[in-house]
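> Prediction below, plus the sequence it came from.
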Amino acid sequence: MNQHDSRRDAGGGSTAHYQQSLAKDLSPFTLFAVAFGFVSIATGIFTAYGSVLNSSGPLGIWTWPIVVIGQLAVALVFGALAARVPITGYAYQWVSRLANPVLGWILGWISFTFLAVVVVAVDYTIASTILPVLLGYEGTAANAWVITAVVMLLQALLVATSTRATQRVNNGAVTIQLVGMIGLVVLLFGVGFATGDFDASNLFSRGDVPAEGYFAFGGASEASPWAMGFLLGAFTIVGFESAANLAEETKNPAYVVPRAMYRAVITLGILGMLFLIAVTGLSGDPAALAGSATPIADVITNVLGSFLGKAMLVLVVISIFSCGLVITLSGSRLIWAMSRDERFPGWQAFHKISPARGTPMNATFMMFVVSQAVLGVFAFSTDALFALFSAATLLPAIIYAATVALYIVKRRNLPPTRGFTLGRWEIPVLVVAVVWLVWELLIFRDASFRASWNYVAVMVAIGAVYFVYLLARKGVSGLTMPDMESIDATLDAEPETGEHARHSR
C-alpha cells in the first residue's frame with residue numbers, strides 16, 4: 001500500500017498522505033452531475049409516490065419542502081467536512097479521522113450496505129413501474145428480477161471499463177434529465193390548465209386515508225399517516241454526498257465538492273416540488289390511482305397521450321439508469337477506499353487500480369456481485385419495491401445522523417479550510433439538521449419497516465464477523481489512519497496568481 005505518500009494534489013488540497021492513483025480530471029459540472037444524478041427526482045418520485053398515496057394520500061406531498069430543508073442542512077454539514085478532508089470514502093474517512101478508526105469502519109460498512117441496496121431499489125423501479133407501461137407488457141416478479149439484473153450489469157461494465165465514459169454518459173443523462181424534467185413539468189401544467197383537468201383540490205386530499213389521527217405523533221410501533229409521507233422526500237433527496245466520494249478525482253475538491261452537493265439539493269428540491277404538484281393535481285381520482293402499480297406513468301400517459309407520454313417515460317428511464325450508474329460508481333470507490341486501508345473483506349484484490357483502464361475494476365465487480373445478492377433476496381417479496389426503498393431510506397438516515405453528531409462533537413478540532421465553511425450559520429444549520437434527522441429516524445419505528453431493519457441487522461452481523469477478524473489480526477493500534485492535514489497550510493505553501501487562483505488551479 002502506498003498509504004503514507006504526502007503528495008500534494010492538483011487542486012491545491014491534499015490527499016492526506018495517500019498516493020494519487022486515480023486520474024484527477026473531474027470538472028465542477030461533472031461533480032454536480034454526480035450529486036444530481038444520484039438524487040434523481042425522477043427515480044425517487046417514481047419509486048415512492050405510490051406508497052405515499054396509500055399511506056398519506058395526496059396531502060403527503062407537502063412533506064417534501066420540509067425534507068428538502070432538512071437534507072439541505074445535512075448537505076451543508078457534509079460540505080464543511082468534505083472541504084476539510086477531501087478524500088475518497090467520505091463518511092468512512094471523516095469519522096475514522098475525527099473520532100477513531102473503529103467507528104469509521106462501522107460507518108463505512110453501513111455506507112456500503114446502503115449503496116448495495118439503493119442501487120437495487122433504483123434499478124428495480126425501471127423494471128417494475130416504467131417498462132411495463134412503456135412497452136405494454138404485464139410486469140411480474142420474475143421479469144422484474146431479470147431486467148433489474150441486466151441493468152445493473154450494464155452499469156457495472158461501464159463503470160469498470162472507463163471513468164471518462166461513465167462521466168460522459170452521466171453528464172449527458174443529467175443534462176437530458178434537467179431539461180426534460182423542466183419540459184415535463186411545463187407540459188403537465190400547460191395541458192392540465194388548458195384542458196381543465198388540473199384539480200387543485202387533489203393537492204389537499206387525503207384520498208382514502210382516514211382523517212382521525214392523520215397529524216398525530218403515532219404510537220410506539222406506528223407512525224402517523226402524515227409522518228409516513230416524509231418517506232417520499234427522504235428516499236429521494238439522498239446521495240448528494242456521492243460527490244465527496246470522488247474528491248480525489250476532482251480538481252480543487254475543497255471548493256468544488258461542497259457546492260456540488262448543496263446546489264444539487266436546492267435544484268432538485270424546487271423541481272421535484274413542482275413535479276409533485278403537477279402530477280397530483282392531474283391525478284384524477286387519487287384513491288383509484290393509489291391502487292395502480294405505476295401511478296406516475298399512468299398520469300403522464302393519460303395527460304400527454306400515448307406518444308408524448310411514452311417519450312417522457314424514455315426520459316425517466318435515462319434518468320434512472322444514470323442514478324444507478326452513479327451509485328455503482330460511488331460504491332466501487334468506497335470499496336476501493338476501504339480496501340486501500342486494508343479494511344474491506346478481500347482488500348488484497350479490491351485496492352488495485354487497473355493499469356489499462358485506470359479504474360478499480362475489482363471493486364466494481366464486488367459492488368455488482370453484492371447488489372445482485374441483495375436483488376435475489378428482495379426480488380420475490382410481496383412488496384419488493386417498498387422493502388427496497390424503505391431500507392434505502394433508513395440507512396442514509398443512520399449515516400447522516402452519525403456524521404452530523406460527530407461534527408457537533410469535533411467541530412472545534414477541525415482544521416481550517418478556504419474551500420467552504422458554514423461561518424455564522426453553523427449553529428442554525430446544525431439545529432435544523434439535528435431536528436430533521438431525529439424526526440426522520442422516529443418514523444422508522446413503524447412496524448412496516450421490519451424488513452428494512454432485518455436487512456440492516458443481517459448486513460451489520462456480516463460486517464461484525466469480519467471486523468472481529470480484523471481486530472484479532474491487527475488490533476486497534478493497527479487500524480490507525482493517516483493524520484488530517486490543514487488544507488490552509490498546503491494552500492499557503494503555494495503561490496497564488498490572483499484572487500481566485502486557488503479555485504482554478
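Yep, it's here. Residues are numbered from 1 along each chain as shown.

> Every contact and neighbour count from this point should use C-alpha atoms.
Noted.

> quick one: terminal-to-terminal distance for stretch 84-91?
Between the start and the finish of stretch 84-91 there is a gap of 12 Å, counting by C-alpha to C-alpha, to the nearest Å.

> Just give me how far it sits from the chain centre.
Centroid displacement of stretch 84-91 relative to its chain, using C-alpha atoms, centre = their mean, to the nearest Å, is 16 Å.

> Stretch 240-254 now?
The mean C-alpha position of stretch 240-254 is separated from the chain mean by 14 Å, C-alpha atoms, centre = their mean.

> just stretch 189-208 next, same as before
Relative to the centre of its chain, stretch 189-208 is centred 30 Å away, using C-alpha atoms, centre = their mean.

> which of the residues in that stretch are buried?
Using 16 or more other C-alpha atoms under 10 Å as the test for burial, stretch 189-208 gives 189, 192, 198-199, 202-203, 205-208.

> for those residues, which one is nearest Pro258?
Phe189 (33.3 Å; C-alpha to C-alpha).

> List the contacts of that closest one.
198, 278 (C-alpha atoms under 8 Å, 6 or more residues apart in numbering).

> And for Ser371?
116-117, 119-120 are the contacts of Ser371 under C-alpha under 8 Å, 6+ apart.

> same thing but at 6 Å, please
Ser371 makes contacts with Ala116, as judged by C-alpha atoms under 6 Å, 6 or more residues apart in numbering.

> Got phi/psi on it?
With angles defined as degrees, to the nearest 10, Ser371 sits at phi -70, psi -30.

> Any idea how many residues pack against Val434?
19 (other C-alpha atoms under 10 Å).

> Likewise for Ala216?
For Ala216, using other C-alpha under 10 Å, the count is 12.

> and it, that one's in a strand?
No: under DSSP: H, G, I helix; E, B strand; the rest coil, Ala216 sits outside any strand and is assigned coil.

> The nearest residue to it once chain neighbours are set aside and Val438, how far apart?
Sequence neighbours aside, Ser224 is the residue nearest to Ala216 in space, at 5.7 Å (criterion: C-alpha to C-alpha, 6 or more residues apart in numbering). Using C-alpha to C-alpha, one gets 16 Å for the distance from Ser224 to Val438.

> So for the two, which residue has more residues nearby?
Ser224 (19 against 13).

> The more buried one: what's it in contact with?
By C-alpha under 6 Å, 6+ apart, the neighbours of Ser224 are 214, 216-218.

> what pLDDT does it get?
In this model, Ser224 is scored at 92, pLDDT.

> Could you tell me which ranges of the chain sit under the pLDDT cut-off?
By pLDDT under 70, the weakly predicted segments of the chain are 1-26, 382, 385, 418, 477-478, 480-505.

> By residue count, tell me the biggest helix in it.
Assignment by DSSP state H gives helix 306-340 as the longest helix of the chain.

> can you give me the strands for this structure?
218-219, 222-223 (DSSP state E).

> Reformat those as a markdown table; add distance to Met312 and mean neighbour count.
Putting the strands of the chain into a markdown table (distance: least, C-alpha to C-alpha, whole Å; neighbours: other C-alpha atoms under 10 Å) gives the following:
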| stretch | distance to Met312 | mean neighbour count |
| --- | --- | --- |
| strand 218-219 | 39 | 14 |
| strand 222-223 | 35 | 19 |
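
> Looking at those strands, which is nearest to Glu426?
Taking these one by one with C-alpha to C-alpha, strand 222-223 is closest: 30.8 Å.

> Output the contacting helices and strands for the closest one.
Where contact means 3 or more C-alpha pairs under 6 Å, 6 or more residues apart in numbering; DSSP states H and E, strand 222-223 is not packed against any helix or strand.

> give me that answer again for 10 Å
helix 426-443 (3 or more C-alpha pairs under 10 Å, 6 or more residues apart in numbering; DSSP states H and E).

> Now do the helix it packs on: which elements does it pack against?
Using 3+ C-alpha pairs under 10 Å, 6+ apart: helix 426-443 touches helix 64-82, strand 222-223, helix 225-228, helix 230-236, helix 384-410.

> rerun that using 7 Å as the cut-off
If contacts are counted by 3 or more C-alpha pairs under 7 Å, 6 or more residues apart in numbering; DSSP states H and E, helix 426-443 sits against helix 64-82, helix 384-410.

> could you check the angle helix 64-82 makes with it?
120 degrees (axes from the mean of the first three to the mean of the last three C-alpha atoms, to 10 degrees).
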